[in-house]
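# Fold the stuff below for me.
(8 chains)
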There are 8 protein chains.
Amino acid sequence: MSLKDILRRVRNGELSVEDAEAEICGFEDLGFSKVDYAREARTGYPEVIFGMGKTAEQVQLIFSRLYAKHGKSMVTRANEEMYELVRQIAPDAVYDPISRMLTVGGGEQRFPGTVAVLSAGTADLPVAEEAAKTAEWMGNVVDRIYDVGVAGIDRLLAQRERIRKASVVIVVAGMEGALASVVGGLVRRPVIAVPTSVGYGAHFSGLTPLLSMLTSCASGVMVVNIDNGFGAGVSASIIQQAILEGGK
Amino acid sequence: MSLKDILRRVRNGELSVEDAEAEICGFEDLGFSKVDYAREARTGYPEVIFGMGKTAEQVQLIFSRLYAKHGKSMVTRANEEMYELVRQIAPDAVYDPISRMLTVGGGEQRFPGTVAVLSAGTADLPVAEEAAKTAEWMGNVVDRIYDVGVAGIDRLLAQRERIRKASVVIVVAGMEGALASVVGGLVRRPVIAVPTSVGYGAHFSGLTPLLSMLTSCASGVMVVNIDNGFGAGVSASIIQQAILEGGK
Amino acid sequence: MSLKDILRRVRNGELSVEDAEAEICGFEDLGFSKVDYAREARTGYPEVIFGMGKTAEQVQLIFSRLYAKHGKSMVTRANEEMYELVRQIAPDAVYDPISRMLTVGGGEQRFPGTVAVLSAGTADLPVAEEAAKTAEWMGNVVDRIYDVGVAGIDRLLAQRERIRKASVVIVVAGMEGALASVVGGLVRRPVIAVPTSVGYGAHFSGLTPLLSMLTSCASGVMVVNIDNGFGAGVSASIIQQAILEGGK
Amino acid sequence: MSLKDILRRVRNGELSVEDAEAEICGFEDLGFSKVDYAREARTGYPEVIFGMGKTAEQVQLIFSRLYAKHGKSMVTRANEEMYELVRQIAPDAVYDPISRMLTVGGGEQRFPGTVAVLSAGTADLPVAEEAAKTAEWMGNVVDRIYDVGVAGIDRLLAQRERIRKASVVIVVAGMEGALASVVGGLVRRPVIAVPTSVGYGAHFSGLTPLLSMLTSCASGVMVVNIDNGFGAGVSASIIQQAILEGGK
Amino acid sequence: MSLKDILRRVRNGELSVEDAEAEICGFEDLGFSKVDYAREARTGYPEVIFGMGKTAEQVQLIFSRLYAKHGKSMVTRANEEMYELVRQIAPDAVYDPISRMLTVGGGEQRFPGTVAVLSAGTADLPVAEEAAKTAEWMGNVVDRIYDVGVAGIDRLLAQRERIRKASVVIVVAGMEGALASVVGGLVRRPVIAVPTSVGYGAHFSGLTPLLSMLTSCASGVMVVNIDNGFGAGVSASIIQQAILEGGK
Amino acid sequence: MSLKDILRRVRNGELSVEDAEAEICGFEDLGFSKVDYAREARTGYPEVIFGMGKTAEQVQLIFSRLYAKHGKSMVTRANEEMYELVRQIAPDAVYDPISRMLTVGGGEQRFPGTVAVLSAGTADLPVAEEAAKTAEWMGNVVDRIYDVGVAGIDRLLAQRERIRKASVVIVVAGMEGALASVVGGLVRRPVIAVPTSVGYGAHFSGLTPLLSMLTSCASGVMVVNIDNGFGAGVSASIIQQAILEGGK
Amino acid sequence: MSLKDILRRVRNGELSVEDAEAEICGFEDLGFSKVDYAREARTGYPEVIFGMGKTAEQVQLIFSRLYAKHGKSMVTRANEEMYELVRQIAPDAVYDPISRMLTVGGGEQRFPGTVAVLSAGTADLPVAEEAAKTAEWMGNVVDRIYDVGVAGIDRLLAQRERIRKASVVIVVAGMEGALASVVGGLVRRPVIAVPTSVGYGAHFSGLTPLLSMLTSCASGVMVVNIDNGFGAGVSASIIQQAILEGGK
Amino acid sequence: MSLKDILRRVRNGELSVEDAEAEICGFEDLGFSKVDYAREARTGYPEVIFGMGKTAEQVQLIFSRLYAKHGKSMVTRANEEMYELVRQIAPDAVYDPISRMLTVGGGEQRFPGTVAVLSAGTADLPVAEEAAKTAEWMGNVVDRIYDVGVAGIDRLLAQRERIRKASVVIVVAGMEGALASVVGGLVRRPVIAVPTSVGYGAHFSGLTPLLSMLTSCASGVMVVNIDNGFGAGVSASIIQQAILEGGK
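A predicted model of the protein is given here:
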């Protein structure tokens, strides 16, 4: 919409003053929150709601605005209460208690290649699923390759060709996080490593795999925050977008 | 070379037994080091020599083998002594004392897009140059945008369009590393953040920007180790390669 | 009251022995606590009750003494139980469960300029509100500017002039805390940064924004403890007091 | 200078193209550095050069530009080599090897009140002097009160009235940093605490007084980075500026 | 009892075989625990039961053995459940839910001087009481001086003479722990500092006052573990014992 | 089973397709988990289920597969819910709530020597029992020597000969973990040290005994993760296996 | 000297104005330092000079004042240069390069009992000697018992009676610091533990023995800073003083 | 030698009083050091000299005593100066500047199996050689398998059978230390992991591989201190001894 169009629609009563303001500014001010409508234009994907630390009512309100704007939305680190409130607005909302993701819409395949999501162990699943579901919501086909930790290296090597077929590889691992290094040495595509808080003792809630992945002897490994499956999914999608557009 | 070709050339004396073994195994065993010839096939780029902790003699020997094999080579964290020894083998070797990189060959442009390398301050230059020179050696055109730290946000915003033109963006920052977050919110291409050890006190030799970049409020930021300009350059090149090949 | 006045009122039975002792010593000894009546004279503001680690009964007793003395009082990190007990003494006590502040009285505007309280995200609200309410209770007009984190830098820049109008700026941010650096470079007034425990993983309950703010590339940033909205509100008020009195 | 003036002077040859560009943009691009001329307008004080991690040549070049623009300049964490090069441009440059500050110009008294700089011990002098000299360069009268650590509390209390007279108080302390808490409870003016790296063992190069000052039981204490005397001096001056201008 | 006496009583059926074994070995083996009867002879005070991590049944059993042997006993970090079980054996057991101490017997005054127990704030009471009650149980007269934190230094100085009268001084403080340094500089008797977990944010559950006390600028300060009121009480008693016996 | 045998049994319907696949690959893919049947051949002992972070249903399913394959199985860090589900498959499953171990089968003595398991205190029992039960399940005779911490060194020295008789010694200790050093200097057999999370304050949930054991002045001490009784039991069994087979 | 005496001597020219001021105030102001003459009256021992971070000239000047006042003085963490300058004032000054202590006078035996100084290893000698020499300078007879680390427990137990004879026991240990716990369980006198920076890797420059000593399973152990032999010597002397004076 | 023999030889002048005392006590007291002759009997191997923190003269004296007693000796973390002094006593002493080991005698093969020493990279050689040379000196045949880091997993897998042949496997790795996990999953013999200080940034001088190895997903991995090749060599030898003696 051009500025002229916006103003014309306001005059005609087709657009509220608030919506017109949001359209012009790029964001809408809810007082406790400024909803960022311009993010899609700026970064290529719409704002996503990070549920942690927000009340269910705040999530509902932000969701309602983003959903109205984009026709789809996603809440990460959501809970049942948020799901109940969001469902009142978008009855087809889906909530996955494992990955704690609440999604509406999204998911149409947009990229030619696939994103492989590997997990080292079964307990890493919530984070792996957050990565996988984020990537899917943003338009990727995801290939899940779970429980391929390096203590049984043959389980991993048996998947070697499958992994090498992906456009982007996400490696999710707790414990010592060694999987990232081994995979980093096996593939010729970008590797995004996600340390998880799965472990105990000297694991320090994910600090150990985080440090381990950052100091990996494989040189092409990039790292995101502990348990940040969402960030890995977004980064993978951004890389896919760059591939799709030929980097231009 | 097929196995048959290798063996035929051994019989004809065209290939030494050691070289034939290396060709078949994918690596050559120097005792203290196993030179990895197969890395290029596996990961898309040849093995690079990490100079730190190696003697100049060890570097020279490994260099001589990689150079013979690939016709180009690179040593990171090199020093003058390594340069002197490497120069005996490759007289056109170039050594940059700022980034401590020692390179021979490489540099032919291979990718359509560019890699932008941003630095927050002047003192971050050694790391920024390690990233830039690595990317150039691997075939990228690099756009250097230095000293655009967020304390003077207008200096950064003045470069907004230039940054947005890059295929991949590398952000190098010491101090609190805030540049990565601001850039991460401005572009729609992959952002690789490199914390540096530039700072003092509560900076803890780079720990602070490292943690800061990992917990960035911008969701599409990927992080490599403190001062790891090389890793950022490699990762950017891998992404460029994926773009070039359409992710397949 | 002069010493002579105090003694005369004791003789006349107008003042109890305990109250007279407190008046003379500057503090009253409750055994488990020594209530500091002289703090206002010494530091410019009366003692405030830090609720954490105290029982509701202890809070009630200390409150009753301070309230009797000053006609107003404030409890930080309060809870519902404390509210119930305090309300028995001061029926007009107000409790805000978000910021966990329990206040009676205060709030009359004393300073010409305003205190701007910025928050990076919605989840930082409890701390931002602790800062804002403390500043208000101590006599400031507060301008709340919430959810202006740097991932959408335009949301912040749109508030540029509004922020620059404040006499003192409080920046409340979790995640990587980059907002403090950007704001520090935009304004010519004191900036007090408050890191929050909002984040996860490598955020280490606020350690990351704390370190980030301490190592900020903007040189005029001062920092208080993680989640210490109260301290920021007090410091802002002390600066306002210095302004009001011309620093003398 | 208005834009029209600038352009007119360019046409008349009174202003070079580079200088005109810098005047319009607010910064000048030296390639490795972007000199920030607009900082004074934005934050109230001109850009200062942080010497650490820069070569003497880089410092000299940036200095020459800032000095030409503002007629005064300052380098922190300078060394003898930088001094030699700067002196070639500004023969009246002064270098203090204790505080490692290199200054030219500045120092004219601008504010009515004083800044008190307290140090806990003799070994804290380099940092205390960095704070004091910064404050002086920016126009403050400084009252130095050194070696008043709390192990001999009477030495401190003997200075009580003198400290209370200051408009802003800077407390510089290594070891456990307890001085900040005691002073914070004695005065009614802003207290800026600077932890120093003076200590050993469990002191962890300043981490202990840093944490100690951040968790001070005195509520009006604001903290800057370890050994950051410069930052304390700047913050004190900003507060003084706010006082001078009545916070408006 | 001499060995001969023990054996004679066994023969006469006056002593069970288990008790005789314990008497001879110096400890009794309960399988999961070896009760140390010889500790009193070796270190001057009987074994005390550390309740944390033990089941109430284990505590009851160990208690029953120590109580039978010494006629008095003490459990630290106890809970209500332990109290119930211990009360079945020793009906006069006393449980204090604040300090979580469970004591039977003890308390007869043995030493001429007193032990002063200072606390910085009201929230430090549980630890201060653990120290005070331990010292009392071991025979000390305790002088409690609570809520004398350094933010109101006059409250502390008003107690100066009272503190100086003690034979041993225990300082209990959370937050930044500065009280230990100030007291350490005021007295000529041993000072035992106990950091507490009272605080938040950069306090790191007591790490900050621990480090602060260890790096105190007052040279005669000795430190025990965070929240270890018990250890401070024991150490004070050992010093008192040395005084009583003239160090011989 | 040879490959021929497997295929023959498939043809005869004696073996399902899934089981045959698992037999050939060495692992079976359950989607969320890849059960590692080949581990026994590779490392000498079958895969064990780590219960933490898995749902009871996941544990039940993996258990059912391993149990079917090996006729015995073990779950560490189990809970009551897992026990209920596993019991449906293996009615003779045994669950120990102290060590949280769930075992079926195993326990037949295979090695001539014994494994001594020492604990420093009563609260270390859960970890000591995890080590002991693991060792027993893998075929060892275990000699439990509990509560022999160094504060009463005679209790330990009284067991000197008994400890020296073991083939392998496991030392389980919380607090400062000093027991490992003393035992390491007393025996001529491998010592495996297990730090526990028993302690408080500066103990940092086991970090202190972990670091202490790693820096032990006794040179033959090997360390496993905090609370990792299982790992110690496995390592002891591997050493026993090496002894049994003469290291070949 | 009474105030009247001081003034009379000033009038008679027997006392300079500066000295009279110092006598009355309790300290003398040297600008960079305030020499604390009243410390002896306050804490029982004169101020001692901590050499680290001071210039040799500063040390010389402070020394000259303290020496003039007390007829004896001590510099810790001294160096050769300080020795040279101090010797110009006090030719009988003694410098020990191992412990880096520079002493003049002191050493007359004042206490009946002895202070035992134990060291775990030979490399702990510098710290052990700092403790021993401090104690001797303050009037103690010291019994040195070196190289009795717990890896050879019999070496320690052979000294059992000798250790038990001391009035106060100082335990100096690097590595894991286990010696403090074993000794703490053997004696009935105060134990002061000094961790040292002797070690490597997970020893973290003394952090490990520091934490280990703080979490010791022996309850009567008090701890001072890493490498703080001086503090241990002072604390031991204070305890001895309390013993000498019967705690009064 | 029986006690009777010792005494008889003293009487006959065949044995000095000092040597006799050492023979009876099990150690000899050199004042600064107590040489532990009984260690061999107690732990199976003679005392070894840890050179770090000792003067060359101290090393020479301890060496002379151990060498006289055992006819062989070893100094770890030695330097050239120690070598010169030791050579005066034992002209056939050998010094290796890479591993900094100084050895005399030892090396006779005592065990049937071999110890495999793996290193991840070339820079890990000093530590790997310390482990290898220690093991050789104590009687092992060592199989060195260097530069088999997991970034090129095929280099490691090519050595699979060779590694599996060893009786004990030592894995030396810096960077992220992932090699330990992969090897731990490949072999059925004890694996001793040695983290090294080879790395930078988030590697924190070896902390990262240390934590990584401790939290390894392979359950039979035991860990020693950072850079502690010596400890790994000793532990391997103790396991070999247990194998040789059948664990009895």
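
# From here on, just use CA atoms for contacts and neighbour counts.
OK.

# mind listing the helices for chain A?
Assigned by DSSP state H, the helices in chain A fall at A:3-11, A:17-25, A:39-43, A:56-70, A:80-89, A:125-137, A:153-157, A:160-164, A:179-184, A:207-214, A:229-244.

# Out of the ones you listed, which gets the lowest mean score?
Set side by side, these show their lowest mean pLDDT on helix A:17-25, which sits at a mean of 75.

# Buried residues in that helix, which are they?
Neighbour-count burial for helix A:17-25, counted by 16 or more other C-alpha atoms under 10 Å in any protein chain shown, picks out A:19-25.

# Closest one of those to chain C?
Using C-alpha to the nearest C-alpha, the shortest approach to chain C within these belongs to A:Cys25, at 8.5 Å.

# could you check the distance from that closest one over to B:Ser99?
43 Å (C-alpha to C-alpha, to the nearest Å).

# Enumerate the residues of chain A near chain B.
Within chain A, the residues that sit near chain B (C-alpha under 8 Å from any C-alpha of the partner chain) are A:39, A:42-44, A:112-113, A:165-168, A:185-190, A:192, A:214-215, A:219-225, A:231-232, A:234-235, A:238-244, A:246-248.

# do you know how far A:Phe216 is from chain F?
Careful, residue A:216 is Ser and not Phe. Plainly put, A:Ser216 is 21 Å away from chain F if you go by C-alpha to the nearest C-alpha, to the nearest Å.

# near chain C, which residues of chain A?
Where proximity means C-alpha under 8 Å from any C-alpha, the interface of chain A facing chain C comprises A:27, A:31-34, A:36, A:39, A:52-54, A:197, A:205-207, A:225-227.

# Next up, the contacts around A:Met101.
Applying C-alpha atoms under 8 Å, 6 or more residues apart in numbering or on different chains, we find A:Met101 in contact with A:74-78, A:95, A:130, A:133.

# sorry, that was for A:Phe27
Contact partners of A:Phe27, counting by C-alpha under 8 Å, 6+ apart, are A:34-38, C:155.

# hmm, try it at 6 Å
By C-alpha atoms under 6 Å, 6 or more residues apart in numbering or on different chains, the residues touching A:Phe27 are A:35-37.

# Count the residues that sit near the nearest residue to it once chain neighbours are set aside.
If the residues on either side of it in the chain are set aside, A:Phe27 comes closest to A:Asp36, at 4.5 Å by C-alpha to C-alpha, 6 or more residues apart in numbering or on different chains. The burial count assigned to A:Asp36 is 23, neighbours taken as other C-alpha atoms under 10 Å in any protein chain shown.

# quick one: A:Asp36 and B:Gly184, what's the gap?
Computed with C-alpha to C-alpha, the distance linking A:Asp36 and B:Gly184 is 15 Å.

# Over to A:Ala131?
As judged by C-alpha to C-alpha, A:Ala131 and B:Gly184 stand 19 Å apart.

# With A:Asn228 instead?
When C-alpha to C-alpha is the yardstick, A:Asn228 and B:Gly184 sit 16 Å from each other.

# which of the two has more neighbours?
B:Gly184 (28 against 24).

# hang on, isn't that one packed against B:Ala218?
Yes - under the criterion of C-alpha atoms under 6 Å, B:Gly184 is in contact with B:Ala218, at a separation of 5.3 Å.

# what's the domain layout of chain A?
What the record gives for chain A is the domain set A:7-104, A:114-245, from automatic domain parsing.

# Reformat the ones you listed into CSV and put distance to G:Ala151 next to each item.
As requested, the domains of chain A are arranged in CSV below (distance: least, C-alpha to C-alpha, whole Å):
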stretch, distance to G:Ala151
domain A:7-104, 50
domain A:114-245, 25
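
# out of those, which comes closest to B:Arg160?
domain A:7-104 (11.0 Å; C-alpha to C-alpha).

# so how far does that closest one reach from one end to the other?
Across its full length, domain A:7-104 reaches 31 Å between end residues, using C-alpha to C-alpha.
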